[in-house]
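Asker: Sharing a model that was predicted from the sequence below.
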Amino acid sequence: MSTQTADPIARYVTGHDFRMLIGGDLVAAADGATTETIDPSTGQVLTSVPCAGSDDVQRAFEAADRAQPGWEALGVDGRAEVFARYSEAIAGAKERLAMLDAVDGGMPYRAMLVDVEISRANLRDWPGLVRWHGGRTIPASPGNLHYTTSRPYGVVGKILAYNHPLMFAVTRILGALIAGNAVIIKPAPQVPLSALVLGELAREIFPPGVFNVLTGGAEVGDAIVTHPGIRRIGFTGSVATGLKIQQRAATTAVKHLSLELGGKNPMIVFPDADLDRAIDGAVNGMNFGVCAGQSCGSNSRTYVHRDIYDDFVGRVAERLEAMRVAPAYGDDVDMGPVVSSAHLEHVMGLVESGREQGARLVTGGGRANGSTPPDGYYVEPTLFADVDMGMDIGSKEIFGPVMSMAAWNEIDEVVAAANDTDLGLTAAVWTNDLHCAHRVADRLEAGYVWINDSARHYWGTPFGGVKNSGLGREESTEEYDSYMVQKTVHTVMREPRLS
Ligand code: NAD
């Protein structure tokens, strides 16, 4: 191991006993099972973590169920105080948390520091967003009072994807918590470490049982999904798993699911767009520097008007060629590795299919080498041009640092091409003609559309997909409402008794 890699691992991983948080206790799996986690920057085993089973899910459920009424009784203000203390604890562990995501997930340390700050901003903002967000009164009959009110579900299960380990483990549960639910979170098996450390921090701050962390893979995920007492499941991950979860959840109870799934997101560039900004948008929108393109919102299909196409392709290629691909915890890194050897194979297989199916490889296309450790999972930032979006690289979610570009001539054609997919998460339109921008935005089948922007989430506005990209909305009052069950109360008024 090089000195550069040894330092953060020795400081934050080696010798640390990573344990799950159940009912306020830091515990091993009930049956003692463990699983290894790997550093994608080197391909070396980092450490072992508990691998939970259905007994652990039952324990976590019972603890959460016991704790939830007290948590609900605190009210938004009481819960806000807990959020504030949790935010302070996260600030105190900032470097450690960001570095754990870098060593465990391969996401550059610098980018993970930003994820810590986003997490803290969300902890600050959720209470204010919902403090005065209430039900409705409805004039359903004359003289009477009809109103809606809401109550938390009780125990919520949250199953997470790997691409923003810490940020998802913090932010994706806040809507459920501020609504008064107790939660059980399961981070992705590739990146368990930061969530386990969050459990250690939360143990000192949350009432025991309100916040539980279980680690493991599909098996423990399935035990959460099928637990009859967990009626609200929030899931972030692939379409294939989302579909499976819909089926499995229905085997034990009627459940409310929200699904944040994959994307194959189009970006459409018009000839009048501000070219410098659009090129920035195309590159930044791929999230190379945050997670090597492993983002649900990446603009992996870029359609550029024929008049500016050659220039655009050339300038994006220059930007990609200038990126330094390196271990995620160094100072000198623009992009880290992808998360696992299995995912490296998936990405490289699709790159190979692009070559075979006749797309023009402009830059990249190989395993990044040179100064990177030989067993790390590095891919060169890759650009294919002249892509027929019916090819595998144009139609399948690559979830890696691979862009597909095509030229377009007619608006109707490019809108039809952009919509020609089962997915519909994000889309971007780049033009200075606002009439055109809004007309096109209206026609795009996506849940989140940027005009002259990309990648950025504007917190407080609903995020989520259409078609196979998902079900439900997050990052907004819509998310909060989705963690509550609504009740309608009718009060029939008599005539007043006059004295
Ligand atoms: P994945 O579906 O393989 O795994 C996601 C989570 O589900 C993991 O925690 C995994 O252990 C768990 N899981 C797997 N099988 C399960 C089962 N049968 N029952 C219950 N849980 C199960 O996804 P991934 O590879 O971790 O993440 C990549 C995918 O996530 C991409 O498709 C990406 O687009 C999507 N994603 C979507 C969003 C969004 O907000 N829409 C955000 C991030 C990632």
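Answerer: That came in fine, so what should we check first?
Asker: Show me which helix or strand of this protein is least confident by mean pLDDT.
Answerer: Each helix and strand of the chain was given a mean pLDDT (mean pLDDT, DSSP states H and E); the minimum falls on helix 3-12 at a mean of 75.
Asker: what's the following helix or strand after it?
Answerer: Later in the chain than helix 3-12, the nearest helix or strand by DSSP states H and E is strand 20-22.
Asker: Now the next helix or strand after that following strand: buried residues?
Answerer: Next in sequence after strand 20-22, counting helices and strands by DSSP H and E, comes strand 25-27. Within strand 25-27, the residues scored as buried using 16 or more other Cβ atoms under 10 Å are L26, V27. C-beta here means a position set from N, CA and C on the backbone, and glycine is covered the same way.
Asker: So what are the sheet partners of strand 25-27 and their directions?
Answerer: Applying DSSP bridges to the sheet, strand 25-27 is found paired with strand 20-22 (antiparallel).
Asker: pLDDT of the partner strand, averaged?
Answerer: Computed over strand 20-22, the mean pLDDT rounds to 99.
Asker: what's in contact with it?
Answerer: 26-29, 50, 52, 56, 59-60, 63, 196, 199-200, 202-203, 211-215 (Cβ atoms under 8 Å, 6 or more residues apart in numbering).
Asker: need the strands for the stretch 101-250 of the chain, in chain order.
Answerer: Using DSSP state E, counting those that start in this stretch, the strands found in the stretch 101-250 of the chain span residues 145-152, 155-159, 182-186, 211-213, 232-236.
Asker: Which among those strands is found nearest to S454?
Answerer: In terms of Cβ to Cβ, the element of those nearest to S454 is strand 232-236, at 20.0 Å.
Asker: what does the chain put close to the ligand?
Answerer: Proximity of the chain to the ligand, by Cβ under 6 Å from any ligand atom, involves residues 159-163, 186, 188-189, 217-218, 221-222, 225, 236-238, 241, 244-245, 260-263, 296, 397, 399, 425, 465, 470.
Asker: Just the buried ones from those?
Answerer: When burial is judged by neighbour count using 16+ other Cβ under 10 Å, the buried members of the residues of the chain next to the ligand are 159-163, 186, 188-189, 221-222, 225, 236-237, 241, 244-245, 260-263, 296, 397, 399, 425, 465, 470.
Asker: What's the local residue count around D412?
Answerer: 8 (other Cβ atoms under 10 Å).
Asker: quick one: it from V239, how far?
Answerer: The spacing between D412 and V239, counted by Cβ to Cβ, to the nearest Å, is 28 Å.
Asker: same question, P165
Answerer: Using Cβ to Cβ, we find P165 at a distance of 21 Å from V239.
Asker: hmm, back to that, could I get the strands of the stretch 101-250 of the chain in TSV, plus columns for distance to F384 and mean pLDDT?
Answerer: What follows is the strands of the stretch 101-250 of the chain, written out as TSV (distance: least, Cβ to Cβ, whole Å; pLDDT from 0 to 100):
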stretch	distance to F384	mean pLDDT
strand 145-152	47	98
strand 155-159	33	98
strand 182-186	35	99
strand 211-213	40	99
strand 232-236	28	98
